[in-house]
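J.: fold the following and give me the result.
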Amino acid sequence: MSLISRLNSLAHVYLRRHETEAADEEEVLSYVESLTETKVRDGAGGEEARRAALIEVGGIEQVLEQIRESRPGYVVESFARDINYARRSLCRSPGFTLVACQTIALGVGFGGAVLSLVTSLLWRPLPYLESGRLVGISQVLPHSVIEFVSYPDYLDWRAEQRVFVELAAQMRTEFIREIESAAPPYVVFVQILPSWVALTVEGEPDHSVADWWFGYSKNYKLVGWINKFEDKPAEFFWDEQLANRTNTSPHCILVYKKSGA
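T.: Take a look at the predicted model:
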């Protein structure tokens, strides 16, 4: 059946539903009367015969309801009846209607505010391009609850991995706090090629660790500089050699000594 035929059938049923229901009711009553007469001829009394006929049919209203449910457009018609009933009920109780509307409005507004807050705090995407593709990897040593990766291991992973598009490193906040509380006499700062630069939305690398160190290192003096290379030996510059150092490697190790230590 085409769409136009279905629409015509639905319109016909809806516009003439009162006539259709009257015809259905007349047909069901006629059948009950015919069944009652049959049982009377079989020797049953009038009231007993009608009661037996109704039991056999299943009830006039029940049969009519089944006929309505099988009619095209019944779901739409039932929904419209429910809406109309709800409208009449609300109009009869304007006070309840006002309180219900205000409660729903407050509930929707509060739910939207909570969802916005949770989204901004928990589900806010990282400030990197395609942040959903970012994953974190680490290693845990036996009898240790701290997840970390040493710098040599990081370099090995970076050189040998074939799974990820790029590999970058970050320093955990608790390590920074440990350094600040310990105030060690020497600090080794590893400068790694900022591979985040290709990933950030703004096109800038994440300099949070570097910014922290260059502020914290005011009490330290640079005493050593090491350039790391993958294809040749490392270059070492110590004390007075630092004036002639060359920054020819993206991977540098800087050794700092605490002033007065």
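J.: correct me, but residue 259 touches residue 217?
T.: No: in this structure residue 259 lies outside contact range of residue 217 using CB atoms under 8 Å: 10.1 Å. For every residue, glycine as well, the C-beta is placed using N, CA and C.
J.: so in this structure, which helix runs the longest?
T.: helix 94-121 (DSSP state H).
J.: immediately after it, which helix or strand?
T.: For helix 94-121, the succeeding helix or strand toward the C-terminus, using DSSP states H and E, is strand 139-140.
J.: partners of that next one in the sheet?
T.: Paired strands of strand 139-140, with direction, are strand 147-148 (antiparallel) (DSSP bridges).
J.: quick one: mean pLDDT over stretch 179-186.
T.: What stretch 179-186 shows for mean pLDDT is 84.
J.: buried set for stretch 227-246?
T.: Across stretch 227-246, burial judged by 16 or more other CB atoms under 10 Å covers 227, 228, 235, 237, 245.
J.: same list (the residues you listed) but as TSV, adding secondary structure, distance to residue 76 and pLDDT.
T.: Converted to TSV, the buried residues of stretch 227-246 look like this (DSSP: H, G, I helix; E, B strand; the rest coil; distance: CB to CB, whole Å; pLDDT from 0 to 100):
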residue	secondary structure	distance to residue 76	pLDDT
227	strand	78	85
228	strand	74	80
235	strand	82	87
237	strand	84	89
245	coil	82	79
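J.: and of those, the nearest to residue 24?
T.: Among the buried residues of stretch 227-246, residue 228 lies closest to residue 24 (CB to CB), at 90.6 Å.
J.: quick check: that closest one touching residue 252?
T.: Yes: with contact defined as CB under 8 Å, residue 228 reaches residue 252; the gap is 6.9 Å.
J.: pLDDT below threshold where in the stretch 51-200 of the chain?
T.: Along the stretch 51-200 of the chain, segments meeting pLDDT under 70 span 72-74, 125-128, 143-148, 170-173, 191-200.
J.: and residue 259 and residue 217? which has more neighbours close in?
T.: residue 217 (15 against 10; other CB atoms under 10 Å).
J.: okay, domains of the protein per the record?
T.: 3-92, 93-124, 131-258 (automatic domain parsing).
J.: in the shortest one, what's buried?
T.: Neighbour counts using 16+ other CB under 10 Å place no residue of domain 93-124 among the buried ones.
J.: isn't residue 253 up against residue 222?
T.: No: counting by CB under 8 Å, residue 222 is not a contact partner of residue 253; they are 11.4 Å apart.
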